[in-house]
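Undergrad: I need the structure of the sequence given here:
(2 chains)
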Amino acid sequence: MPNTLLPWLIFIPLLAGVLSWLSGRIHAQAPRWVALAGMVAVAVIVCSLWPAAPQTGWWSEFQAPWIPGWGISFHLALDGLSALMVLLAALLGVIAVLASWKEVQSGVGLFHLHLSLMLAGVIGVFLAVDLFLFFICWEIMLLPMYFLITLWGHEAQGGRGRFHAATKFFIYGQASGLLMLLAIVGLAFANFAATRVVTFDYEMLLQTQLNPVVGFVLMLGFFIAFAVKLPAVPFHGWLADAHMHAPTGASVDITGLLLKTSAYGILRFCLPLFPEASQQFAETAMIIGVASVIYGGVLAFGQTHLKRLVAYTSISHMGFILIGIYAFNAVALQGVVVMMVAGALSTAGLFVLCGQLYERLGTFDTREMGGLWTRLPTLPPIVLFFAAATLGLPGLGNFVGEFLVLMGAYKVAPVLTAISTLGMVLAAVFALALVHRTLYGPATSDAQLAAPVAREQLVLLVMMAGLLLIGLYPQPLLDASAGAITQIQQAVSTTTANAAHFGG
Amino acid sequence: MTTLTLASLTPLVPVLVMSGSAVLLMLLISFVRSHLLTLLLGLTAVVAAMASMSLVGQNLPAQVTLLIYVDGSTHFYWSMILLSTLVCIGVSHAYVRSAPSFREEWYLLLLVAACGGMVLAASSHMAALFIGLELMSVPLYGLAAFALKNKRSLEAGIKYLVLSATASAFLLFGIALIYAETGSLLLAQWASLPVDSSLGLLGCAMILIGLGFKLSWVPFHTWTPDVYQGAPMPVTAFLATASKVAVVAVLVRLFIQVPLWQDNALAMLLALVGGASILLGNLLAISQTSLKRLLAYSSIAHFGYLMIALTIVAQHGSRSVWVYLATYVIATLSAFAVLSSLTGIKDDTQGDRFEALRGLYQRNPLLALALALSLISMAGIPLTAGFVGKFALFASGVASGQWVLLLLVVAGSAIGIYYYLRVVSVLFQRGGQTLTAGVNVPTLNGILIAALSFMTLAIGIWPDFLI
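TA: Coordinates of the predicted model:
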């Protein structure tokens, strides 16, 4: 297959972004269509690679020299895991554009430039197999998001302003990112010390033999960066504020894409690069995961701001993902992949609904919402649907993911897994509370609200279809990622065997 | 003893071009006072000096008399100094147009200062070092106080004069101490300085104070915000770039040539100074409302970062220093070129507040984008030059195991994000002030800003030619 397709996955959104920025001068609506076209093109390219996919190894690879002086190349590769993620990115990009159709009316061109740039960064993260390139893409995601929040965000009551929220988001990202950069440079240097070759290439660095202490410290550098973006509990401070102030399109992409890049990062980099250190760290990471599950659930229940509520539910979801990743077995890892996709869809769906409710009510405050079932056609059952998906109702995508994760994790850490099932109960509590507070109870006013237009329905229907499909027939998803997951799992477990061997 | 021949002066041609032009400019002023003509002569001088560098680049390294030593690294520092001078002169035309008098002398002083910087960067003898330093500093006193009607400008000039003189005194004392120990003013002879020499250590510390003042390292930084704020915009640009490049050049030479700098106590001192600069510079930048003061504090932090690469030049080479310096100079010049385009010498304090920049994107998108790019580059965001510089620092820091300083850089960068992006987001916010500044940008400024922005992006995306 033509390898040159891969760079286009990054360049198309870049190009679409610039074009949509420029096209804003021709017609006010043009930027939306251009950005949409770019994201659809990405999806088409990924799908075109699907049929010819091999069972193991890279589906497609592209390498071009970039900074030979530092041993850095523009090295992209796609396997089942990254293909799924890129497809998800394109889909959520489309949804973000559609969800912002009415909300964003000023600086339309610039908005879509930022949205597309961020998407390019996210796709770059999913494709990069050169650590330097990976880091660049990782950081590039932050800046457009910062502008999306500061320039198009909401000024929420009770918050400290969108500038504050956006800056918090950026500082968390930048500080943790630089720690990761230190770890990347440290790893490259360790490799250089052993082989006298300067390289940042993933596959070459995989061979690096690290002394255990160095390996553990470097692994922590990576892990902290990913845990901040995940976000896992001690590092979650930025998420709720960012969501509270972000425009809908940005919220969709934060939760659906930015958070998933971190789970992807742990899977792709943290585990295979530092298998021994990851083994040592597994229990701590799982405890962090359990803490996130419980803490996110409890906090979600207490929120009165609709978007903060949804934000905390995603912390809870990401806790499950962390547990699944550090269980190190194929079942749990497959569950993680399903949860990443399904969780992205269900949470993004809730954020889109938040946006649609806001357009009608002018508030995110759940205390002013009750009784919507009687006032609003069509949307309430959809809210119910997404709430059910979030709480992990069987038949919908999240259930499959959570089930696989818990099943896999139980074999490894039964006690922690048992505690984390409390999170499932909490999920039911907060999801039902969400439904109860918004849809039922006495209506705050009798005025009827506008029915959703076709565009709004379409966005939601696509995500609902996706959740149902994953819930009822997850096999294609599992098949696509199986090859990549097996490789990651083997990388970790072979070291266990080795460690046992050396230990004996 | 070598006799001085004309041929042996060839490596010095760029300096000679600059000093010759300065003399020519002085003569021109005494006959014809023409703002445009002086500008053109100034620009030609700098361009000619740059061109002559590539012509005389073959027979390097070369020792020219006892005083000057020119090698490849000298050429790098020279080109940085000349680039800074070019930009400072280029943006000056529109800037000093509104000055009541002495507009032409402005260019003369800039040329002389650049000349001093070049001598300083190439000095291999303490006499040359001191002459170069003073030749660079004395015109800057005048330039800083150039807006005679402006109290802040006068304050800046006097403050810089007094504190510079103090720093020079320290420098001289240090040189004298080491002279007492080695009996020579030649840098090459200082290599023989015994490692346990307490006089030598004291001398090194004194020299560090004298030179550290120019780099505004903590605790010698107190002049920086006031002088940056008071001095006219292009002068601040020169202070922030050319004058610092020249001092770094001479420090690198000292660090490489004099093994005594590797002494543990001195190394500890340098690390302390660097760490304090990073922390204090970044923390104090947070609360600034004047962009010039913000850039002053951020430059303190930047030279704190540079310490990582600077202290290890003897073992690891000065490549990282160059990369970092180049990226810093380009971003800083770009920021100051934009700011110079927004104001004139008469209303300098106006364009300096954040509020004046609000909504600049609506008034002049390109100017706003250029300023945003330069600030983002200073913050070290990938795909801009600043990130390449930071990466080079990280590489040398990891290679030499300076973990504490590296973690401080991480913390400092996180704080930096806050204050740089605050300015950037102000640029894009709607609802600008009544200020009309920034609607019309002079062509020359526009070209320079475009070139600098291009360099920022080019280095950021394709850094290979730099490293």
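Undergrad: the nearest residue to A:G289 once chain neighbours are set aside: which element?
TA: Once flanking residues are discounted, A:G289 sits nearest to A:L322: 3.3 Å by CB to CB, 6 or more residues apart in numbering or on different chains. Glycine gets a C-beta too; all of them are placed from N, C-alpha and C. Secondary structure assignment for A:L322, by DSSP states H and E: helix A:306-325.
Undergrad: how about the CA coordinates for that helix, as PDB?
TA: C-alpha atoms of helix A:306-325 as PDB (Å, rounded to 0.1, in the frame of the first residue of the first chain):
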ATOM      1  CA  LEU A 306     -23.900  20.300  34.100                       C
ATOM      2  CA  LYS A 307     -20.500  20.300  32.300                       C
ATOM      3  CA  ARG A 308     -18.500  19.900  35.500                       C
ATOM      4  CA  LEU A 309     -20.700  16.900  36.300                       C
ATOM      5  CA  VAL A 310     -19.900  15.300  33.000                       C
ATOM      6  CA  ALA A 311     -16.300  16.200  33.400                       C
ATOM      7  CA  TYR A 312     -16.100  14.300  36.700                       C
ATOM      8  CA  THR A 313     -17.700  11.300  35.100                       C
ATOM      9  CA  SER A 314     -14.900  11.200  32.600                       C
ATOM     10  CA  ILE A 315     -12.400  11.100  35.400                       C
ATOM     11  CA  SER A 316     -14.200   8.100  36.700                       C
ATOM     12  CA  HIS A 317     -14.100   6.400  33.300                       C
ATOM     13  CA  MET A 318     -10.400   7.100  32.900                       C
ATOM     14  CA  GLY A 319      -9.800   5.500  36.300                       C
ATOM     15  CA  PHE A 320     -11.200   2.200  34.900                       C
ATOM     16  CA  ILE A 321      -8.900   2.600  31.900                       C
ATOM     17  CA  LEU A 322      -5.900   3.000  34.200                       C
ATOM     18  CA  ILE A 323      -6.900  -0.100  36.100                       C
ATOM     19  CA  GLY A 324      -7.300  -2.000  32.900                       C
ATOM     20  CA  ILE A 325      -3.900  -0.900  31.400                       C
END
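Undergrad: burial count for residue 114?
TA: Just so you know, I chose chain A. When neighbours are counted by other CB atoms under 10 Å in any protein chain shown, A:H114 registers 24.
Undergrad: nope, chain B please
TA: 34.
Undergrad: now do the SS call for residue 417.
TA: Using chain A here. Following DSSP: H, G, I helix; E, B strand; the rest coil, the label given to A:T417 is helix.
Undergrad: my bad, the chain I had in mind was chain B
TA: Of the three states, B:I417 takes helix under three-state DSSP.
Undergrad: now it, nearest residue through space, not along the chain?
TA: Among residues not flanking B:I417 along the chain, A:Q174 sits closest, at 4.9 Å (CB to CB, 6+ apart).
Undergrad: what helix or strand is the residue of chain A found nearest chain B located in?
TA: When scored by CB to the nearest CB, chain A has A:A175 as its residue closest to chain B, at 3.7 Å. For A:A175, the host element (DSSP H and E) is helix A:162-195.
Undergrad: which elements pack onto that helix?
TA: Under the contact definition 3 or more CB pairs under 8 Å, 6 or more residues apart in numbering or on different chains; DSSP states H and E, helix A:162-195 sits against helix A:131-140, helix A:142-152, helix A:202-205, helix A:212-229, helix A:237-245, helix B:385-400, helix B:403-428.
Undergrad: which stretches of chain A have low pLDDT?
TA: Along chain A, the parts satisfying pLDDT under 70 run over A:1-2, A:156-159, A:495-504.
Undergrad: who in it is up against chain B?
TA: Selection of chain A residues close to chain B by CB under 8 Å from any CB of the partner chain yields A:66-70, A:106, A:135-136, A:139-140, A:142-143, A:146-147, A:150-151, A:163, A:166-167, A:170-171, A:174-175, A:178-179, A:181-182, A:185-186, A:189.
Undergrad: out of those residues, which are buried?
TA: Neighbour counting with 16 or more other CB atoms under 10 Å in any protein chain shown marks A:66-67, A:70, A:135-136, A:139-140, A:142-143, A:146-147, A:150-151, A:163, A:166-167, A:170-171, A:174-175, A:178-179, A:181-182, A:185-186, A:189 as buried within those.
Undergrad: lowest average confidence, helix or strand, in chain B?
TA: helix B:354-357 (a mean of 79; mean pLDDT, DSSP states H and E).
Undergrad: show me what it is packed up against.
TA: helix B:403-428.
Undergrad: and the nearest residue to A:W66 once chain neighbours are set aside, which of the three is it?
TA: Closest residue to A:W66 apart from its sequence neighbours, by CB to CB, 6+ apart: A:F74 at 4.3 Å. Recorded secondary structure, A:F74: strand (three-state DSSP).
Undergrad: isn't A:F74 up against A:I67?
TA: No. Counting by CB atoms under 8 Å, A:F74 sits too far from A:I67 to count as a contact (9.1 Å).
Undergrad: and for A:A128, the neighbour number?
TA: Neighbour count of A:A128, defined by other CB under 10 Å: 24.
Undergrad: ignore the last one, A:Q105
TA: Around A:Q105 sit 11 other residues, with neighbours defined as other CB under 10 Å.
Undergrad: and the gap between it and B:Q402?
TA: The gap separating A:Q105 from B:Q402 is 51 Å, by CB to CB, to the nearest Å.
Undergrad: who's in contact with A:G471?
TA: Counting by CB atoms under 8 Å, 6 or more residues apart in numbering or on different chains, A:G471 touches A:A342, A:A389, A:P394, A:G395, A:L396, A:G397, A:N398, A:F399, A:V400.
Undergrad: can you pull out the strands in the chain?
TA: Went with chain A since none was named. Along chain A, counting by DSSP state E, strands occupy A:60-67, A:72-78.
Undergrad: please go with chain B instead
TA: B:62-64, B:68-70.
Undergrad: which residues does B:L186 bridge with?
TA: B:H125 (DSSP bridges).
Undergrad: got a pLDDT number for it?
TA: On the pLDDT scale, B:L186 is placed at 92.
Undergrad: and it, what is it in contact with?
TA: Contact analysis of B:L186 by CB under 8 Å, 6+ apart lists B:L66, B:S124, B:H125, B:M126.
Undergrad: what does A:S292 give?
TA: A:S292 touches A:L230, A:P231, A:A232, A:V233, A:H236, A:I315, A:S316, A:M318, A:G319, A:L322, counting by CB under 8 Å, 6+ apart.
Undergrad: got a list of what the residue nearest to A:V459 when sequence neighbours are not counted touches?
TA: Once flanking residues are discounted, A:V459 sits nearest to A:L98: 4.8 Å by CB to CB, 6+ apart. Contact analysis of A:L98 by CB under 8 Å, 6+ apart lists A:L36, A:R455, A:L458, A:V459.
Undergrad: just B:F146 next, same as before
TA: With CB under 8 Å, 6+ apart, B:F146 has these contacts: B:V96, B:A99, B:F102, B:W106, B:S153, B:G157, B:A231, B:P232, B:V235, B:I345.
Undergrad: and chain B, which residues reach chain A?
TA: Residues of chain B lying near chain A (CB under 8 Å from any CB): B:376, B:381-383, B:387, B:391, B:394-395, B:398-399, B:406-407, B:409-411, B:413-415, B:417-418, B:421-422, B:425, B:428-430, B:462-464, B:467.
Undergrad: having no further points to raise, I will conclude here.
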